[in-house]
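Novice: Make a model of this:
(one chain, ligands or ions: 2)
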Amino acid sequence: MYSKNMFSLEGKTALVTGASYGIGFAIACAFAAAGAKIVFNDINRELVEKGLASYREKGITACGYVCDVTDEDAVNSFVKRVEAEVGEIDILVNNAGIIKRIPMTEMTAEDFRKVVDVDLNAPFIVSKAVIPGMIRRGHGKIINICSMMSELGRETVSAYAAAKGGLKMLTRNICSEYGEYNIQCNGIGPGYIATPQTAPLREKQPDGSRHPFDQFIISKTPAARWGSPEDLMGPAVFLASEASDFVNGHILYVDGGILAYIGKQP
Ligand SMILES: NC(=O)C1=CN([C@@H]2O[C@H](COP(=O)(O)OP(=O)(O)OC[C@H]3O[C@@H](n4cnc5c(N)ncnc54)[C@H](O)[C@@H]3O)[C@@H](O)[C@H]2O)C=CC1
Ligand SMILES: O=C(O)C(=O)C[C@H](O)C(=O)CO
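Specialist: Ligands and ions are numbered 1, 2, ... in the order given. Below is the predicted model of the structure:
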């Protein structure tokens with residue numbers, strides 16, 4: 001009979017990228033509650049300070065660093081610094097991300113590249129920096145934050161969909177290449193979650209009514225609501241813990257049922 005807590009993260013160090021607020025912050029808080037030491041980074045000092053204050057408010061001692069995840073030299077120095085100052089990284093969550101909502105024929109190649117750089121190239125860069133240590137230590141967990149757009153398209157999000165679709169395949173490839181070293185690389189595909197990234201889609205209309213996209217998402221989601229960052233806590237702890245040691249290359253969609261549903265008939 002299995003008696004110990006297989007969801008415990010005691011003794012583990014977790015790096016969550018872009019985790020000053022939003023989904024990354026919630027996942028890091030869940031990891032701390034499960035016993036892990038928390039390290040996060042963000043793009044500038046102001047965000048890192050804001051994040052540190054939010055963790056303190058929750059009674060969590062987190063270590064925060066400024067690091068742009070698209071800058072490979074900066075990421076390599078950051079990972080070395082974390083390993084020297086905090087500990088070897090057992091769990092990596094590639095969470096940092098951006099979106100630009102621009103119709104494809106109006107989008108510049110530079111804007112397209114910027115989105116792919118943060119949402120796809122950066123998870124490659126950060127994973128590449130931590131995998132050798134995971135191989136040396138004989139274990140590691142990598143969780144890539146994917147999206148509904150890893151499976152579905154919609155108007156204005158061509159770069160984001162291309163990047164998140166690519167991230168799904170990077171997840172499967174890391175699993176394929178490093179699974180034999182006891183490294184599990186999985187993805188979480190959140191549905192529509194109420195964070196600053198999606199705030200423009202929920203802005204009230206001038207007459208006080210709901211944004212049409214807000215209504216659309218509620219009607220497309222069997223759970224009939226937006227998700228909250230807290231909805232991702234349990235799935236993230238599962239994928240970071242030994243409870244998921246034989247789960248690899250999987251994308252766990254946490255979407256209130258969106259991908260299962262054909263939609264209401266008009
Ligand atoms: N909110 C949603 O409905 C969904 C979000 N996601 C994904 O989840 C992740 C987190 O999303 P949210 O919390 O909603 O976003 P957010 O915009 O609220 O937070 C993103 C975080 O990433 C940081 N970041 C951006 N570029 C960075 C860079 N170059 N280096 C370091 N940090 C950087 C931001 O400063 C911020 O802290 C993203 O990858 C996003 O694409 C996926 C599905 C749904
Ligand atoms: O469709 C949009 O616009 C989005 O903001 C997409 C969400 O961020 C997302 O990734 C849903 O899974």
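
Novice: make it CA atoms for all contacts and neighbour counts henceforth
Specialist: OK.

Novice: Up against ligand 1, what does the chain have?
Specialist: Counting by CA under 6 Å from any ligand atom, the positions of the chain adjacent to ligand 1 are 18-24, 42-43, 67-70, 95-98, 118, 145-147, 189-198.

Novice: one more time with 5 Å, if that's ok
Specialist: 18, 20, 22-23, 42-43, 68-69, 95-97, 147, 190, 192-193, 195-197 (CA under 5 Å from any ligand atom).

Novice: Take those and, keeping just the buried ones, write it as a ChimeraX select command.
Specialist: A single ChimeraX command is used to select the members of those judged buried by 16 or more other CA atoms under 10 Å:
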select :18,20,22,23,42,43,68,69,95,96,97,147,190,192,193,195
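
Novice: So which of the residues of the chain next to ligand 1 reach ligand 2?
Specialist: Among the residues of the chain next to ligand 1, the residues lying close to ligand 2 (CA under 5 Å from any ligand atom) are 147, 192.

Novice: So which of the residues of the chain next to ligand 1 sit within strands?
Specialist: If you go by DSSP state E, the residues of the chain next to ligand 1 have 42, 190 in strands.

Novice: So which of the residues of the chain next to ligand 1 sit within helices?
Specialist: 22-23 (DSSP state H).

Novice: quick check, the helix ranked longest in the chain touching ligand 2?
Specialist: Longest among the helix segments of the chain by residue count, using DSSP H, is helix 158-178. No: taking CA under 5 Å from any ligand atom as the criterion, helix 158-178 and ligand 2 are apart, separated by no less than 7.9 Å.

Novice: Return the distance of that helix from the chain's centre.
Specialist: 13 Å (CA atoms, centre = their mean, to the nearest Å).

Novice: Which elements pack onto it?
Specialist: Applying 3 or more CA pairs under 8 Å, 6 or more residues apart in numbering; DSSP states H and E, we find helix 158-178 packed against helix 109-116, strand 140-145, strand 183-190.

Novice: Throw these into TSV and include distance to His211, thanks.
Specialist: Supplementary listing: the helices and strands packed on helix 158-178 in TSV, determined by distance: least, CA to CA, whole Å:
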stretch	distance to His211
helix 109-116	25
strand 140-145	26
strand 183-190	21
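
Novice: right, and these - which one's nearest Ser54?
Specialist: With CA to CA, the closest approach to Ser54 among the helices and strands packed on helix 158-178 belongs to strand 140-145: 21.4 Å.

Novice: what's in contact with the closest one?
Specialist: Contact with strand 140-145 is made by 90-95, 123, 127, 131, 134, 167-168, 171, 182-190, 236, 239-240, as judged by CA atoms under 8 Å, 6 or more residues apart in numbering.

Novice: returning to that earlier point: can you mark which positions in the longest helix of the chain are buried?
Specialist: Buried residues in helix 158-178, counted by 16+ other CA under 10 Å: 158-172, 174-175, 178.

Novice: And for stretch 31-41?
Specialist: 31-32, 34-41.

Novice: Between the two ends of it, how far is it?
Specialist: Using CA to CA, to the nearest Å, one end of stretch 31-41 lies 16 Å from the other.

Novice: Could you check how far that stretch is from the centre of its chain?
Specialist: Counting by CA atoms, centre = their mean, stretch 31-41 comes out at 14 Å from the chain centroid.

Novice: Name the SS class of Lys264, please.
Specialist: Assigned with DSSP: H, G, I helix; E, B strand; the rest coil, Lys264 falls in the coil class.

Novice: Spit out the contact partners of it.
Specialist: 219-220 are the contacts of Lys264 under CA under 8 Å, 6+ apart.

Novice: wait, doesn't Gly87 sit right on Thr13?
Specialist: Yes: between Gly87 and Thr13 there is a contact under CA atoms under 8 Å: 6.4 Å.
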